[in-house]
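>>> Prediction below, plus the sequence it came from.
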Amino acid sequence: MANFTFSRVIEIMRRVIARRNQTDTLSTDVELLNYIGEFMRDLMPQETKNFENLATYEFDTIADTEEYDFNSGDGADINGIVFENIGPIAYCDEQLMNWYQDPSIFYDKWGFNTDVTTVTTSQPQDVLFYNDAFVLKNRPDDTYRIRIFGYARNADYTTESTSSTIEAETANAGIPENYWGRYVAYGASLDYMYDFGYDPQRIQVVELRYKHYKSLIQSRTFNQFMQETPLQRF
């Protein structure tokens, strides 16, 4: 099966937004690629949780250190993978951890003792994820590998180039998954149409098709997970 290339996505966008003139400075290939890249990077992860993006966020603990930044907010782990969403399944080495996102519940259990000399250290069993940071309890007594399942962010395909054409290797490259093609094309088109004040009735027509392609992607992910047998946790 041939790759659904970025050139193909741009071609569909031009038809949707009725901008066929590639020399128009407001609709060059580079400009449209930026809309595609912004949609895939910023909006798509909020709307869809695609099976292909499922990965593990990993970091190593340091003895006597219980707080760890979510890599300063950029969401990249020790392997350089950038994550958009993480949790709630987490492991410390091979041990399943308890996941918390409500600090009141977490600290009701563990308290606020920060005195290193009185805190018991051992392999962490609980993790709080709050305000772009992790808190581990018990406080680690050694180096452990923490693995948290989440969804990796799509690559950033935006460009700062002002050229009127995209380099051949970019235009001919396939998007990560073929079945994303029309969803991405219509999603990026909607952003463009809103930015340039298209007629609301025209936007509404495009939105109907966009919602159709989004539902197909969400159904595909749902069906993929339905094929798995739930693990018994007792």
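Ah, there it is. Small disclaimer: the values here were computed from a predicted structure and weren't measured.
>>> any idea how far Asp69 is from the closest residue to Tyr144 other than its chain neighbours?
Of all residues not flanking Tyr144 in the chain, Thr61 sits nearest, at 4.6 Å (C-beta to C-beta, 6 or more residues apart in numbering). C-beta: built from backbone N, CA, C; applies to glycine. Using C-beta to C-beta, to the nearest Å, we find Thr61 at a distance of 13 Å from Asp69.
>>> neighbour-wise, which of these two wins?
Ranked by neighbour count (other C-beta atoms under 10 Å), Thr61 and Asp69 place Thr61 first, with 22 against 12.
>>> wait, isn't that one in contact with Pro124?
Yes - at 6.9 Å, Thr61 counts as touching Pro124 under the criterion of C-beta atoms under 8 Å.
>>> quick one: common contacting residues for the two?
Common neighbours of Thr61 and Pro124 are listed as 92, 136, 140, 144, 146 (criterion: C-beta atoms under 8 Å, 6 or more residues apart in numbering).
>>> and after the stretch of helix or strand the second one belongs to, which helix or strand comes next?
Secondary structure here is read from DSSP states H and E; on that basis Leu136 sits in strand 133-137. Using DSSP H and E, the helix or strand that follows strand 133-137 towards the C-terminus is strand 145-152.
>>> how about that following strand: buried residues?
If you call a residue buried by 16 or more other C-beta atoms under 10 Å, then strand 145-152 has these buried ones: 146-152.
>>> domain parsing for this protein?
The chain breaks down by automatic domain parsing into domains covering 6-50+160-226, 52-152.
>>> any chance of the ones you listed in JSON lines, plus mean pLDDT?
Below are the domains of the chain laid out as JSON lines (pLDDT from 0 to 100):
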{"stretch": "domain 6-50+160-226", "mean pLDDT": "85"}
{"stretch": "domain 52-152", "mean pLDDT": "88"}
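>>> Having no further points to raise, I will conclude here.
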